[in-house]
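Colleague: Quick one: sequence plus predicted model below, questions after.
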Amino acid sequence: MRQTLDSVIAQTVRPSVWVIVDDGSTDGTPGILAEYAARHEFVRVVRRGDRGRRSVGPGVIDAFYAGLETVELADFDFVVKLDLDLDLPSGYFEELICRMEADLSIGTCSGKPYFIDPRSRKLESEMCGDEMSVGMTKFYRRECFEQIGGFVREVMWDGIDCHRCRMLGWKACSWDDPELRFIHLRPMGTSDKGWWTGRMRHGAGQYFMGTGLAYMTISALYRMTRPPRVLGGLAMWWGYVKAMLQRRPRYDDLEFRRFLRGYQWQCLFKGKRRATQELDERQAAVFEQRMKAQSASSSRVTRGAAVAAG
């Protein structure tokens, strides 16, 4: 946690307000957070009661909103959802702001997560797609965040939000450039009950979101090439199929699911990069139409609020 705290403190552009949500920690976390809040005026701490168990997905978003509710969102241009297990490069926030200012249609963005392989001790990419902002650090234009209705309190909230951005004409993206690469201290899917449960949870989340079986199968095959090889992708696929066989509920927005399926089929036929580029070009008209409807005379300031949960 101190690595994340120190890496945010060292940012060349710090958040105007950083709300850190202590989600019922029973270790030394409260003392550490109190230490940083005492030393840095922009750091605030919100403490929630111990729920006795972790709730990955919905619990993370509940904690995020517990922090967000303590700020007046309209006072800020940007809002960041940030996990407390990251080591960010010092220019991370500044670089993302510059790229969003250069392209006003970017609604959400991020860099790319890397982790230290426990066997080789080398940095490995988590191989997240360029068409998404990653869940552990989502940098949002406030206007976009409000228009998509914020985050869904379910697993795959961090995929649903990006697809909702595209439905409304915004771009969602991430960049694998050296200045935007960060270290994920707990690799994807290992924060609760190990990687097998985490990957199965991801597969079940894909089913909830509305992902088609064909797309999920291809995605799982690709994931089999990444650590933990074979079994990681297999766990994702089984999580999806198990949820399907159990007839679990799906995201209750039929228009969204149609949009998602259409995009995924285009990805299968054309490749994700080309399908995303073509979709962004089509949706640009939606964005332009909305921009024309808004006043062009509003002044812009650069203030950001970050909310972290741990």
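Modeller: Yep, that arrived. Values in this document were obtained by computation on a predicted structure and should not be read as measured data.

Colleague: low-scoring stretches of the chain, by residue?
Modeller: 51-56, 187-193, 295-310 (pLDDT under 70).

Colleague: Look through it and tell me its longest helix.
Modeller: helix 272-293 (DSSP state H).

Colleague: And the contacts of that helix?
Modeller: If you take CB atoms under 8 Å, 6 or more residues apart in numbering as the criterion, helix 272-293 is touched by 104-105, 129-131, 166-171, 263, 266-267, 269-270. Where C-beta positions appear, they are placed from N, C-alpha and C, glycine not excepted.

Colleague: swap in stretch 146-166?
Modeller: Outside stretch 146-166, the residues touching it (CB under 8 Å, 6+ apart) are 56-58, 60-62, 64-65, 73, 81, 107-108, 131-135, 138, 144, 168, 170-172, 201-202, 204-206, 208-209, 251, 256, 259-260, 263, 279-280, 283.

Colleague: give me that answer again for 7 Å
Modeller: 57-58, 61-62, 64, 107-108, 132-133, 135, 138, 144, 168, 172, 201, 204-206, 208-209, 251, 256, 259-260, 279, 283 (CB atoms under 7 Å, 6 or more residues apart in numbering).

Colleague: re earlier: restrict the contacts of helix 272-293 to the buried ones and give me that as a PyMOL selection.
Modeller: Remark: buried members of those, expressed as a PyMOL selection using 16 or more other CB atoms under 10 Å:
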select buried, resi 105+129+131+166+167+169+170+171+263+266+267
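
Colleague: Looking at the contacts of helix 272-293, which two lie furthest apart in space?
Modeller: The span of those, defined through CB to CB, is set by L104 and F269 at 30.6 Å.

Colleague: picking that back up, ok, and for the longest helix of the chain, which residues are buried?
Modeller: Here helix 272-293 shows 272, 275-276, 279-280, 283, 287 as buried, counting by 16+ other CB under 10 Å.

Colleague: which of the residues you listed lies closest to R223?
Modeller: Nearest to R223 among the buried residues of helix 272-293 is K272, at 13.8 Å by CB to CB.

Colleague: before we move on, back to that, put together TSV for the buried residues of helix 272-293, with distance to R14 on each row.
Modeller: As requested, the buried residues of helix 272-293 are arranged in TSV below (distance: CB to CB, whole Å):
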residue	distance to R14
K272	34
A275	37
T276	32
L279	35
D280	31
Q283	33
F287	30
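
Colleague: ok, back up a step: filter the contacts of stretch 146-166 down to just the ones in helices.
Modeller: 58, 61-62, 64, 144, 201, 204-206, 208-209, 256, 259-260, 279, 283.
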